[in-house]
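[1] What follows is a predicted structure for the sequence shown.
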Amino acid sequence: MVILSLFLYPLSFETEFKTDIFHSSVASSFGLLGVINKIIYGKPFVLSEHGVYLREQYYFIKQSRVLTKFLKKFLRLLIYRFVILNYNFADKIIPVCLFNKRWEQYLGAKDDKLQVIYNGINDSSEFEFLKQEYVKEKTSFNDIILVGAFYPFKDIETAIRAVAIVKKQVPNIRLYIFGPIKDKDYFSYCLRLIKNLSLKNNVIYRGVVKDLQNYFKVGGVFLSTSVSEGFPYSILEAMLYKQAIVSTSAGGIPELLGDCGLYVEMKNPNSVAKACLKLLHNQSLRIELGWRAHQRAVERFSLSRMLKSYEYLYNSL
Amino acid sequence: MRKILNFNNIKLSEKKLIAPYILDTAVNLEFAGYNDQQIKKEFGFSNVFELSYFIHQYRLCPKPFLVKSNKWQDKFLASDSIRLKIFEWFYFGLANSLLALVIFFTLWFTESGHILKPIEGLIIVLLSHIFASSWARILIVKFSFYNDRPIAGYGEKTINQYYLRGLFGIITAGIILFFLFSRDNIFTLVFIDISLFWLNIGYFVAFRQLPIYLITLGSILFLGSIYDPFVLFGVFNGVMIFYIWLKYLINLAREPFSVYSNSFSNNSLNLFSLFFFAINYGFLLLIDVIVLFFYGQFDTYDIFIHQYLAHKYFGIFPLLLSAGLIEAFGVYFFSKIIRLERVIKESTVMFNEIIKNYIQTISIFSMLHFGVTILVSFIIPLSNGYFKEVYISSTIGVMFLLLSLFNLNILHYLGWRKDLWFGIVSLFVGYVYGSLMFYNVAAYAVVYGFLMAGIVFFVTTMALLLKKALRYSYLVYLTSVLPKL
């Protein structure tokens, strides 16, 4: 009932908005408002998708232990219909990366409607540390930073196993994990794994912190072991902070990172460990990758660039 | 709403929706860590969607039959939709009636009277083959596919309580008739023969198909009373055996595909049906020996009985033997495949092994069957060259048809629906071609028509099977390396 009421919630709004353009950030039932405005009042409807709604919902439905088989089937069909409805009526569909675009194409969105606008990040002078070569020494070069929620498809398990391998060569290795706990079972599983692999001093969980930038330093190693991503802000920030990035090629990461990082195989701790060791042993490579990533982030994924793209888009409707 | 839509120039077009299963599979693949590059590199598909479509297209898991109630009535009602029931009752009955009618008219237009010529007997056997394969094969496969689970679940316990009572009634009536009233009555033999036969099949046949068998029995009984009940019942028995055999082959063929539910637990192959065939054949023989004993005509039984027995046993014997052999080799083939599925994960090796085993199975079967056919043709009590020629050709034709059925059986589980038409067309083309070879001699035309139909049908189904087997082995490989979808 909760899920169904969530679907019907947008219908309780007044449908006529005193706006020129309706922009939905997800192709869900909330997009219905845009569809209604489009049909009745002829107002343009823009749809941007940060993750592919259908893809994520299908995953959650599959994971659900509460829903019955019938409900799962019903919800799958319902979500699919919502998505199709959104795609059909949207004047422009904005995937945040090419990875998402292929899903939208497959689901029937027309090519002339699709326009990729990458997410941008603020590179203004408010971040003083960006001007500095080195920042406050809270981390050493034996540290690896991972920003991501405890969730199965962030695959933190692989990162932990990789640390166990790296530890053989670099005994004082430390993996800092930042992010919320979204799946308690997975979190406790990871804790057990840390205990079993005797990594209590090597894997440090910091939760959600406000001063994350203080943990970064130029040429530090940043790790992402995700098996599913859209266009991750965490990597974008790491790029801005001149981190040497080790990442899987999930989702839109290759579009984001380009050749400014090292790619590893998904769910392969050996591959991750190998890449991390390569960077830990090679300072010049770390700094080079960090600077290149920074350059790429500033040039291609700046906030101003993104805003201009949206401004142009709105004006064209 | 329609006006507003038109006013704003919004056009809604109907689109073919993607099956949610495909989307679900694609999602699962991506969340399991597969991306387009990886899939292209490892499996040769251009992207995740293409792979998930492939998996969907060749998904072989049968629809699970879930009935919670233990009452057989509930299971019967819940087992299928009304449309399917009507389809089954109507078309299946129609097919059987047609079979009976064709046999009847085939006999009617011959000038033999009560005593059949060998060619007529063979035509009956062959016709039963053709009809059984073209109608019953398709339909039984379809329905037993869904009915299999309830049969397995309650067939031996619940149904037989009701069924056996009726059956024993028939047997009792037959025995009473035989001993007390009409020892010369031909129908007493029929009663006992059929009753014992049904005693056998009672354990194996779906309850819901019994009315259809009764319709068939009634129609043949009626027609038989007009013309030649012995031969017709011989044919009827043959057809029944054929049905049961098909049913067992179907059950057999289901086994190896347990791989798709990611469980290898159900790998015990059923060898009991071979025993069943032997028992059934023994019953037929026993009853006739008993009858002959009571007639006191062991040495001098007339040509009528002679002809009947000749047709009944020498017509059905190769068929039974074929059934048994095919089944045995089916067991051999599928058990090997199951073992391969467990051990081998590489698609190319898997494919080669399947082909190797298939060729072995078919070749051994063909040699044995051909040998038996030749042997039977020599020992058959009719030293008629014309008959022998017809007999050998027709039984070889039957052999190929049976082999085709073996192929079709596998094809069915590899998703044969699209290819079915090729098979049917090949059957027709082969028959026409064979008939034209000897169009001036009616009997030869018929027999060679069957022979060529059998050969062409076999070649076509084998080619289709090879094509499918390649995809199947690849799919097995995929399911072994991909995560549980």
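    Arrived safely, thanks for sending. Numbers count the residues shown, from 1 in each chain, chains lettered A, B, ... in the order given.
[2] Please tell me how far A:C97 sits from chain B.
    According to C-beta to the nearest C-beta, to the nearest Å, A:C97 and chain B sit 13 Å apart. Bear in mind the C-beta positions are built from the backbone N, C-alpha and C, glycine included.
[3] wait, doesn't that residue sit right on A:A250?
    No: using C-beta atoms under 8 Å, A:C97 is not in contact with A:A250; the gap is 11.2 Å.
[4] Contact residues of chain A facing chain B?
    A:38-40, A:42, A:54-55, A:58-59, A:62, A:73, A:76-77, A:80, A:84, A:88-89, A:102, A:106-108, A:153, A:155, A:227-228, A:248-251, A:266-267 (C-beta under 8 Å from any C-beta of the partner chain).
[5] who's in contact with the closest residue to chain A within chain B?
    Per C-beta to the nearest C-beta, B:G33 is where chain B lies closest to chain A, at 3.7 Å. By C-beta atoms under 8 Å, 6 or more residues apart in numbering or on different chains, B:G33 lies in contact with A:D155, A:V227, A:T248, A:A250, A:M266, A:K267.
[6] Report the two of these separated the most.
    A:A250 and A:K267 (10.5 Å; C-beta to C-beta).
[7] need the strands for the stretch 151-300 of chain A, in chain order.
    For the stretch 151-300 of chain A, the strands defined by DSSP state E, counting those that start in this stretch cover A:174-178, A:203-207, A:221-224, A:244-248, A:261-264.
[8] Make a markdown table out of these and add mean neighbour count.
    Formatted as a markdown table, the strands of the stretch 151-300 of chain A follow (neighbours: other C-beta atoms under 10 Å in any protein chain shown):
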| stretch | mean neighbour count |
| --- | --- |
| strand A:174-178 | 20 |
| strand A:203-207 | 16 |
| strand A:221-224 | 28 |
| strand A:244-248 | 27 |
| strand A:261-264 | 22 |
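[9] Out of those, which is closest to B:T25?
    Of these, nearest to B:T25 by C-beta to C-beta is strand A:244-248, at 20.9 Å.
[10] other SSEs contacting that closest one?
    Packed against strand A:244-248 by the contact rule (3 or more C-beta pairs under 8 Å, 6 or more residues apart in numbering or on different chains; DSSP states H and E) you find strand A:221-224, helix A:233-240, helix A:253-257, strand A:261-264, helix A:269-280, helix A:283-300.
[11] Quick check: A:I181 touching A:C190?
    No: counting by C-beta under 8 Å, A:C190 is not a contact partner of A:I181; they are 9.5 Å apart.
[12] Give the intersection of the neighbour lists for the two.
    A:F150.
[13] Those two: which is more packed in?
    A:C190 (20 against 15; other C-beta atoms under 10 Å in any protein chain shown).
[14] got the contact list for the more buried one?
    A:F150, A:I156, A:E157, A:I160.
[15] Please produce JSON lines containing the contacts of B:G33, extended by pLDDT and distance to A:L279.
    As requested, the contacts of B:G33 are exported to JSON lines (pLDDT from 0 to 100; distance: C-beta to C-beta, whole Å):
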{"residue": "A:D155", "pLDDT": "85", "distance to A:L279": "19"}
{"residue": "A:V227", "pLDDT": "81", "distance to A:L279": "21"}
{"residue": "A:T248", "pLDDT": "89", "distance to A:L279": "15"}
{"residue": "A:A250", "pLDDT": "84", "distance to A:L279": "19"}
{"residue": "A:M266", "pLDDT": "82", "distance to A:L279": "19"}
{"residue": "A:K267", "pLDDT": "82", "distance to A:L279": "20"}
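[16] A:A250 and A:K267: which has the busier surroundings?
    A:A250 (25 against 16).
[17] And the pLDDT at B:F294?
    B:F294 is assigned a pLDDT of 49 by the prediction.
[18] again with A:N100
    So, for A:N100, pLDDT stands at 88.
[19] roughly how far apart are it and A:L32?
    Computed as C-beta to C-beta, to the nearest Å, the A:N100 to A:L32 distance reads 21 Å.
[20] A:I40 too?
    12 Å.
[21] which of the two has more neighbours?
    More neighbours surround A:L32 than the other of A:I40 and A:L32, with 21 against 15 (other C-beta under 10 Å).
[22] That one should be in a strand, yeah?
    No: counting by DSSP: H, G, I helix; E, B strand; the rest coil, A:L32 is not found in a strand; it is helix.
[23] Surely it and A:F82 touch.
    Yes: A:L32 is within contact range of A:F82, at 7.4 Å (criterion: C-beta under 8 Å).
[24] Can you check the pLDDT for residue 217?
    Going with chain A. For A:K217, the predicted pLDDT is 74.
[25] right idea, wrong chain: chain B
    On the pLDDT scale, B:L217 gets 52.
[26] Leaving out the residues flanking it, which one is nearest to B:D36?
    B:N47 (4.4 Å; C-beta to C-beta, 6 or more residues apart in numbering or on different chains).
[27] contacting residues for that neighbour?
    A:R102, B:D36, B:I39, B:K40.
[28] Just the buried ones among the residues you listed, please.
    Buried subset of the contacts of B:N47 (neighbour count, 16 or more other C-beta atoms under 10 Å in any protein chain shown): A:R102, B:D36, B:I39.
[29] list the buried ones in stretch A:40-55?
    Buried residues in stretch A:40-55, defined by neighbour count with 16+ other C-beta under 10 Å: A:43-55.
[30] Can you give the distance from that stretch to the centre of its chain?
    Put simply, stretch A:40-55 sits 19 Å off its chain's centre (C-alpha atoms, centre = their mean, to the nearest Å).
[31] pretty sure A:A273 is in contact with A:A159, am I right?
    No: counting by C-beta under 8 Å, A:A273 does not reach A:A159; the two are 9.7 Å apart.
[32] Pull the helix or strand A:F60 falls within out as CSV, backbone CA atoms only.
    Per DSSP states H and E, A:F60 falls inside helix A:53-63. In CSV, the C-alpha atoms belonging to helix A:53-63 read as follows (Å, rounded to 0.1, in the frame of the first residue of the first chain):
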residue,chain,number,x,y,z
TYR,A,53,14.8,4.5,-12.8
LEU,A,54,13.6,1.3,-14.2
ARG,A,55,16.9,-0.4,-13.8
GLU,A,56,17.2,0.6,-10.1
GLN,A,57,13.6,-0.2,-9.3
TYR,A,58,13.9,-3.7,-10.9
TYR,A,59,16.9,-4.3,-8.7
PHE,A,60,15.1,-3.2,-5.5
ILE,A,61,12.0,-5.3,-6.5
LYS,A,62,14.3,-8.3,-7.0
GLN,A,63,15.9,-7.8,-3.6
